[in-house]
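A.B. asks: Have a look at this prediction, sequence included:
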Amino acid sequence: MSYLVPRDKKDDNAPSQSQEAEDDPVFDQTPVKVACPHCRVQIITFIEHESSWVTLAVCIVLFLVLNWAAICIVPLVYPLFKDVVHHCPRCLRVLATRSRVMLPKISDEVMSFRVGSCACVLARKYVFALLAMTSLIGGIHWVRRGGAPATGIDAAVQSEVVDLRWEDFLKDCGYKTYLGNPIHVTVAFNEKFKNKTMQWQGKLHRVEEGFSFFGFSQPNAVFVDMDPPQPLPMKRESADLVLFYKENAELISKMRKVKRGHKFDFTATMLEVGRRGQPHVMALWDAVPRLSESSDGNASQPAIR
């Protein structure tokens, strides 16, 4: 048998549902109503976003992977990985700190991945299936990559130096020739210049250091301005040649002696022809900085070994 309890007979000391909710607040990305444990006043928290080690780690990884292109990505990603800090508006003390990145537990039947205000909810079986498929595809790609023939700078081989001048290359494969007859450029490059080693002289435009990170690698690059330069219709900002080279202590030491705008002699093998005014790609084997002019006004020109 059931009966109704009069309102005056109820236990006034029993906590109501609203009181229980206030006693156990959930601090998340929005302000919450809570009793401040410091000043003992019912308040609504105000929030601030502060960077943490997760924020800095994500930015460092982006710079290592994307290099200077990360400058465009980091300003968008940086706020998403900041922590949410709840403050009391009365005493200004920190009540709670919550990360905006939430990863699920393996025991959860429904897994929720959240970064900032973006969330993805998937069943556990689908998450495991996606991980297994990604691992399988990545493993196949890694095996095929290991057995694939080398390309680019890895496939470059230093051969005997041939007597081909920069002016000859500019005539057959330069920007103007490419605009007039790109088929002729392709044929002439493959027949006369591809995989041929030359000794030329140029002026240093800039140097970009390479990196290696989790299987992703970028060789060292030297951008060179040649004389005469490629005639480009737009304002000249690009170099004529880009010389890639692997880690070589002696070669790195030589390139550090060359200042921006200074001339130097180099031995390199032609790999690819630049398209639409882009720098032509070569593999660098040796470089000798040009000595400054002597007291009699003659410039010394050391021979390349």
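C.D. replies: Noted; the coordinates are in hand. Numbering: from 1, shown residues only.
A.B. asks: Packing partners of the helix or strand hosting Y178?
C.D. replies: According to DSSP states H and E, Y178 maps onto helix 175-180. If you count contacts as 3 or more CB pairs under 8 Å, 6 or more residues apart in numbering; DSSP states H and E, helix 175-180 packs onto helix 182-188. In this view, the C-beta of every residue, glycine as well, is placed from N, C-alpha and C.
A.B. asks: And F113, how far from L179?
C.D. replies: Separation of F113 from L179 (CB to CB, to the nearest Å) stands at 50 Å.
A.B. asks: actually W166, not the one I wrote
C.D. replies: Distance from W166 to L179, by CB to CB: 19 Å.
A.B. asks: before we move on, what about V110?
C.D. replies: V110 is 59 Å from L179, by CB to CB.
A.B. asks: Kindly report the same for D163.
C.D. replies: 28 Å.
A.B. asks: which of those two has more neighbours?
C.D. replies: Between D163 and L179, counted using other CB atoms under 10 Å, L179 has the larger neighbour count: 12 against 7.
A.B. asks: For that one, give me its contacts.
C.D. replies: Contact partners of L179, counting by CB atoms under 8 Å, 6 or more residues apart in numbering, are absent.
A.B. asks: where does the stretch 201-305 of the chain dip in pLDDT?
C.D. replies: 211-217, 233-237, 291-305 (pLDDT under 70).
A.B. asks: at 90 instead, please
C.D. replies: 205-222, 227-240, 244-261, 272-279, 286-305 (pLDDT under 90).
A.B. asks: Give me the contacts around the longest helix seen in the chain.
C.D. replies: Counting by DSSP state H, the longest helix found in the chain is helix 124-147. Applying CB under 8 Å, 6+ apart, the set of residues contacting helix 124-147 from outside is 106, 108-111, 122.
A.B. asks: So which bits of it are buried?
C.D. replies: V127 (16 or more other CB atoms under 10 Å).
A.B. asks: For the remainder of this discussion, apply numbering that starts at 50.
C.D. replies: Understood, numbering begins at 50; the last thing we discussed is helix 173-196.
A.B. asks: Just list what the helix or strand following that helix packs against, helices and strands only.
C.D. replies: Note on helix 173-196: by DSSP H and E, the next helix or strand toward the C-terminus is helix 215-222. Secondary-structure packing of helix 215-222 (3+ CB pairs under 8 Å, 6+ apart): helix 231-237.
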